[in-house]
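Q: How does the following fold in three dimensions:
(one chain, ligands or ions: 1)
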Amino acid sequence: MQKVQETAEKIRTMEIRGAGRIAKAAAEAVRDYATGLDVASMEEFSARIREVSNFLISTRPTAVSLPNAVKLSSKYSSANVEEARQEIIENANLFIERADKALEKIGKIGSRRIQDGDVIMTHCNSHAALSIITKAFENGKDISVISTESRPRCQGLLTIRHLNDFGIPTTLIVDSAVRYYMKDVDKVIVGADAIAANGALVNKIGTSQLALAAHEARKSFMVAAETFKFSPSTIVGNPIEIEERAVDEIVDLAVISELSHVQVRNPAFDFTPAEYIDMIVTDIGIIPPAMAYTVIKEHLGWELGEI
Ligand SMILES: O=P(O)(O)OC[C@H]1O[C@H](OP(=O)(O)O)[C@H](O)[C@@H]1O
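A: Next up is the predicted model:
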């Protein structure tokens with residue numbers, strides 16, 4: 001349990017972050033917990049796995065990759081402890097392997113849509129979006145990237161460092177300069193924390209302003225998302241919860257402690273409606289947002305049983 005608690009803490013504090021990485025870390029935690037679980041009965045085994053799964057899922061509420069990964073990994077059908085343990089280990093390993101392959105496939109599929117000379121704008125730090133950008137560069141396309149700072153956690157700095165290591169020219173801008181620079185952009189590429197059944201995107205706060213500015217300037221808006229980031233429960237109308245993080249990520253508490261009429265809000269994500277999205281690059285191909293329901297129904301069929 002101590003290792004599960006450590007992983008949960010790293011996810012909560014964002015030492016482990018990015019919807020895909022969170023999912024993989026949670027799958028690993030479930031697998032390692034099941035491996036070392038010493039129980040007297042099947043009932044105890046089931047109860048402990050359920051407890052750990054719920055605990056991991058509660059660490060961050062928005063990225064649907066987290067509950068999807070935990071549910072996929074903690075699945076078992078046997079009523080025998082040893083067999084059930086083995087099933088969980090195999091399911092978790094399968095998920096982790098699938099997640100790695102998905103990133104590679106997204107890079108391969110999405111990079112074909114990048115033209116030589118493209119200027120790409122990105123937001124925050126998405127491994128899926130970066131997979132497309134770096135693959136296009138490796139394939140010899142002469143591209144450059146405009147990266148937002150992505151306040152308050154400034155994940156844009158991770159993005160420019162990653163791209164710099166590849167030798168890709170990058171311009172760092174503040175979030176409020178998105179519309180100012182959109183005229184210089186050919187494509188916007190962002191990642192996803194969740195995609196709803198109606199094709200709406202949930203991603204880092206500020207993503208919707210990139211989408212609006214791209215729409216206004218008639219620039220292409222591309223989302224990079226593994227199929228495990230699609231949200232099954234949105235099919236029955238359940239909303240995706242937007243995480244609101246601590247105020248001290250934005251402002252020093254001492255600064256506002258003297259002010260009695262001020263509140264500070266810190267939502268970590270926002271919604272981009274489907275009509276602002278041109279395509280979603282997934283590990284099973286490029287889809288229009290209107291196909292999100294089909295991806296959930298046909299590709300995540302395993303989950304629908306619980307709704
Ligand atoms: O899975 P990958 O593509 O890496 O990231 C997907 C999204 O996860 C991140 O959230 P946070 O920084 O963990 O809050 C960003 O919103 C990013 O776009």
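Q: what about Glu241, distance to Pro152?
A: Distance of Glu241 to Pro152, computed by C-beta to C-beta, to the nearest Å: 19 Å. Using the backbone N, CA and C atoms, a C-beta is placed for each residue, glycine as well.
Q: Who has more neighbours out of these two?
A: More crowded of Glu241 and Pro152, by other C-beta atoms under 10 Å: Pro152, with 17 against 13.
Q: For the more buried one, give its distance to Ala27.
A: For Pro152 relative to Ala27 (C-beta to C-beta), the value is 28 Å.
Q: For the stretch 151-300 of the chain, which residues are neighbours of the ligand?
A: Gln155, Val190, Gly191, Ala192, Asp193, Asn203, Lys204, Ala268 (C-beta under 6 Å from any ligand atom).
Q: Neighbour count for those residues - can I get that in a markdown table?
A: Formatted as a markdown table, these follow (neighbours: other C-beta atoms under 10 Å):
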| residue | neighbour count |
| --- | --- |
| Gln155 | 20 |
| Val190 | 27 |
| Gly191 | 28 |
| Ala192 | 29 |
| Asp193 | 29 |
| Asn203 | 30 |
| Lys204 | 26 |
| Ala268 | 22 |
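Q: From those, which land in strands?
A: Judged by DSSP state E, these include Val190, Asn203, Lys204 as members of strands.
Q: so the last one sits right up against Thr272, yeah?
A: Read it as Lys204. No: using C-beta atoms under 8 Å, Lys204 is not in contact with Thr272, being 10.6 Å away.
Q: looking at the protein, which helix or strand is least sure?
A: helix 301-304 (a mean of 58; mean pLDDT, DSSP states H and E).
Q: would you list every one of the strands in the stretch 1-150 of the chain?
A: For the stretch 1-150 of the chain, the strands defined by DSSP state E, counting those that start in this stretch occupy 119-122, 144-148.
Q: Starting from the longest one, tell me the next helix or strand along the chain.
A: Tracing the chain C-terminally past strand 144-148 and defining elements by DSSP states H and E, one meets helix 156-166 next.
Q: who's in contact with that next one?
A: Identification of contacts with helix 156-166 by C-beta atoms under 8 Å, 6 or more residues apart in numbering yields 122-125, 130, 133-134, 137-138, 145, 147-150, 170, 172.
Q: The closest residue in space to Arg85 that isn't next to it in sequence: how many residues sit nearby?
A: Nearest residue to Arg85 in three dimensions, chain neighbours excluded: Ala34, at 5.2 Å (C-beta to C-beta, 6 or more residues apart in numbering). Neighbours of Ala34 under the rule other C-beta under 10 Å: 24.
Q: do Ala177 as well
A: Neighbour tally, Ala177, other C-beta under 10 Å: 14.
Q: Now stretch 28-40: buried residues?
A: Neighbour counts over stretch 28-40 (16 or more other C-beta atoms under 10 Å) mark Glu28, Ala29, Val30, Arg31, Tyr33, Ala34, Leu37 as buried.
Q: how about the fourth one, what does it touch?
A: Taking C-beta under 8 Å, 6+ apart as the contact definition, Arg31 lies against Ser73, Ile88, Ile89, Ala92, Asn93.
Q: ok, those residues vs the ligand, which is closest?
A: Ser73 (16.8 Å; C-beta to the nearest ligand atom).
Q: Can you name the residues that contact the closest residue to the closest one other than its chain neighbours?
A: Spatial nearest neighbour of Ser73, chain neighbours left out: Ala92 (3.9 Å); criterion: C-beta to C-beta, 6+ apart. Going by C-beta under 8 Å, 6+ apart, Ala92 touches Ala27, Glu28, Val30, Arg31, Ala34, Ser73, Ser74.
Q: run the last query once more with 6 Å
A: For Ala92, the contacting residues are Ala27, Val30, Arg31, Ser73, by C-beta atoms under 6 Å, 6 or more residues apart in numbering.
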